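Novice: what's the 3D shape of this:
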Amino acid sequence: MAKLAVVTRKTGPSKPQGSGWSVYKRLIKYVKPFLGVFLIAVFANIVFSGIDSVFAYLLKPILNKGFIKPDPVFLKWIPLIIVGLFVVRAMMNMIGSYCMSLVARSVVMGLRRNIFDHFLRLPCSFYDHHSSGELLSILVYNAAQISSSTTNAVITIVQSGALVIGLFIVMFTISWQLSLVFLSIIPIIALLVKLSSLRMRHMSKNAQDAMGSITHVTEEALEGYKVVRTFGGREYEAKKFNKATEGQIGWELKLVIVGAISDSSVQLIGVSALAMMIFMATNHIGVSHMSAGGFTAVVASMMALLKPMRNLTSVNSIIQRGLAGAESIFMLIDEPVEKDNGKIELDRATGHIEYKHVTFRYSQSPHEILHDISFNVPAGKCYALVGRSGSGKSTLVSLLPRFYDIEEGQLLIDGVDAFDITLADLRRQFALVSQHVILFNDTIAANITYGAHEQELTDADIIAAAQAAHAMEFIEKLPNGIHTRVGENGVLLSGGQRQRLAIARAILKNAPILILDEATSALDTESERYIQAALNEVMKNRTTLVIAHRLSTIENADCILVMDQGRIIEQGTHQELLAKRDHYYRLYTMHFEEQPIKNTPETLAEVI
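Specialist: Here you go, the predicted structure:
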């Protein structure tokens, strides 16, 4: 028979992240919904700094009209003016800080929502190459860096920038000649800031990556605490953690050094300009006669300029931290999500499955895991997959719900290419019970009903599913029954109890296709017998794919597929394959010989 035409699908790479300005523009999009509050914050901070500039200017009339040539009217009103300005200044500071913090936290909340939503839509292949600790660090630490950077940096830029402009206006109003001297240092400071920015961004990125390593090491040690204790790994884990923290601290200290050098350089340049201006004013070099009040106001403005200029320089390190954090977040958000190009809606499939010349390899792997796989599963039938570890069994069934997309061939559900069905409808057709049970830190009821949120379920429905999975025998003994919390990943339950809850969850979903990946692996012999009876009921009128090493879970399958090195090398019923005395027979004698063979006397005699 002629081989069908090969269908090939490829995924494209993600786009590289752009420049710092492109990161700025993307952050601004998150600010737009809060533009009104942001403008209020900017206005309040400008007024706050403007009042500081007014204080510097008031030194001239206070000295001239208060001491040199006293003015009674001025002396009467100046205390009230100063108090009034301070009251307004305090109000503007409070309003500006609150509004800016509100905007910053709202932006971070929006970013975190986008990140979390993106986590849920990323393909499985992404998680194969990224640790959960690294991703949690981006969600928590890097986003927090943006919050603090946005708040502190914007307030500093607006307040210090407005103050610098205001003080320059005061200086130009009194003596434009001296002001030009101070203004001449601005290009030098700008060049210094530009040179330090690139270095700080690089260091900030490395510091944030190091924080991801700390999170990863901590998460592994906490999740594997039993292994750590059993195998005496406490010192080893402590060394790993210390190495990660030392690396992070190293980058943080380098940031401090670069920031301190940049800050000190700006101060030195500013003080040099200030000394030059005082020298020119006192020696009347290029400067006309100035009153004592005018000279005092200019010098006070010059002195006052040093702090905001220092702030504007030091804020660069804060900005670079925020940009590095934002860049890593946007790189994550730019990761391509699962392809969902399907247009066909599928309410409930009959369960007919067909693999046509399917070939698959994991991303970044040069070797094919599955080679030209073809087989047909009629609706309502049970097919079992057996083979040595690494033969491709779990990979084969993981293609059904499109956890991974095939490179070549077709995978059909009821005669329709799975690639053409919407992801939501496709995955609605499957219930999964795997070897590694995932339970959420919630109640037993919430874990059993997970995946059946659209159904209106009562406690009676949940209990019925638990009874079918033989889980009520231990649930009834718990203090709150089905409303008892199970702890993180079901830590408060035994392995067999967790497995039975997973089976109850699959029962309640009532999907037409059931995938059992070592579903009874964590059960003792007695529990397995009960669960197998429950599974036999669940499997009726459902298409079932079973991956198992235990004979009891596969011997009654309608067909057994024997896999080796990504290929199907044998298929048939349990009795047929034993009679062949080939690959399945050898697997059986290796793994199942401790269990009795439920077979005909003739076949049993052959095996013996």
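Novice: okay, CA-based contacts and neighbour counts for the rest of this
Specialist: OK.
Novice: tell me which residue lies farthest from the centre of this structure.
Specialist: Distance from the centre of the chain peaks at residue 69, with 67.6 Å (CA atoms, centre = their mean).
Novice: okay, that residue: pLDDT?
Specialist: On pLDDT, residue 69 comes in at 83.
Novice: and the one 5 residues further on, by the same measure?
Specialist: In this model, residue 74 is scored at 84, pLDDT.
Novice: do residue 294 as well
Specialist: Value for residue 294, per-residue pLDDT: 78.
Novice: could you pull out the strands in this structure for me?
Specialist: 353-360, 370-377, 382-387, 408-413, 416-417, 430-433, 513-517, 543-547, 559-564, 567-572 (DSSP state E).
Novice: reformat those as CSV; add mean neighbour count and distance to residue 57.
Specialist: Below are these laid out as CSV (neighbours: other CA atoms under 10 Å; distance: least, CA to CA, whole Å):
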stretch, mean neighbour count, distance to residue 57
strand 353-360, 22, 75
strand 370-377, 17, 80
strand 382-387, 25, 86
strand 408-413, 22, 77
strand 416-417, 16, 77
strand 430-433, 22, 75
strand 513-517, 25, 79
strand 543-547, 25, 83
strand 559-564, 22, 86
strand 567-572, 18, 86
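Novice: same list (the ones you listed) but as a markdown table, adding distance to residue 535 and mean pLDDT.
Specialist: Below are the strands of the chain laid out as a markdown table (distance: least, CA to CA, whole Å; pLDDT from 0 to 100):
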| stretch | distance to residue 535 | mean pLDDT |
| --- | --- | --- |
| strand 353-360 | 20 | 95 |
| strand 370-377 | 19 | 94 |
| strand 382-387 | 11 | 92 |
| strand 408-413 | 23 | 94 |
| strand 416-417 | 28 | 94 |
| strand 430-433 | 11 | 89 |
| strand 513-517 | 10 | 90 |
| strand 543-547 | 10 | 92 |
| strand 559-564 | 17 | 94 |
| strand 567-572 | 21 | 94 |
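Novice: make a markdown table out of those strands and add distance to residue 397.
Specialist: Formatted as a markdown table, the strands of the chain follow (distance: least, CA to CA, whole Å):
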| stretch | distance to residue 397 |
| --- | --- |
| strand 353-360 | 11 |
| strand 370-377 | 11 |
| strand 382-387 | 9 |
| strand 408-413 | 11 |
| strand 416-417 | 15 |
| strand 430-433 | 10 |
| strand 513-517 | 7 |
| strand 543-547 | 8 |
| strand 559-564 | 12 |
| strand 567-572 | 13 |
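Novice: out of the ones you listed, which gets nearest to residue 54?
Specialist: With CA to CA, the closest approach to residue 54 among the strands of the chain belongs to strand 430-433: 71.0 Å.
Novice: point out where the stretch 251-400 of the chain drops to low pLDDT.
Specialist: The stretch 251-400 of the chain contains residues with pLDDT under 70 at 286-290.
Novice: can you give me the helices in it?
Specialist: Along the stretch 251-400 of the chain, counting by DSSP state H, counting those that start in this stretch, helices occupy 292-333, 393-398.
Novice: so which of the ones you listed has the densest surroundings on average?
Specialist: helix 292-333 (a mean of 22; mean count of other CA atoms under 10 Å).
Novice: remind me what that one packs against, helices and strands.
Specialist: For helix 292-333, the elements it packs on are helix 20-31, helix 35-63, helix 72-121, helix 143-174, helix 186-223, helix 234-282, judged by 3 or more CA pairs under 8 Å, 6 or more residues apart in numbering; DSSP states H and E.
Novice: distance to residue 77 added to the helices of the stretch 251-400 of the chain, as TSV?
Specialist: Formatted as TSV, the helices of the stretch 251-400 of the chain follow (distance: least, CA to CA, whole Å):
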stretch	distance to residue 77
helix 292-333	18
helix 393-398	81
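Novice: just to revisit the earlier point, how much space separates the residue farthest from the centre of the chain from residue 376?
Specialist: Distance of residue 69 to residue 376, given as CA to CA, to the nearest Å: 105 Å.
Novice: okay, now the domains of the chain?
Specialist: 19-175+314-338, 176-289 (the TED database).
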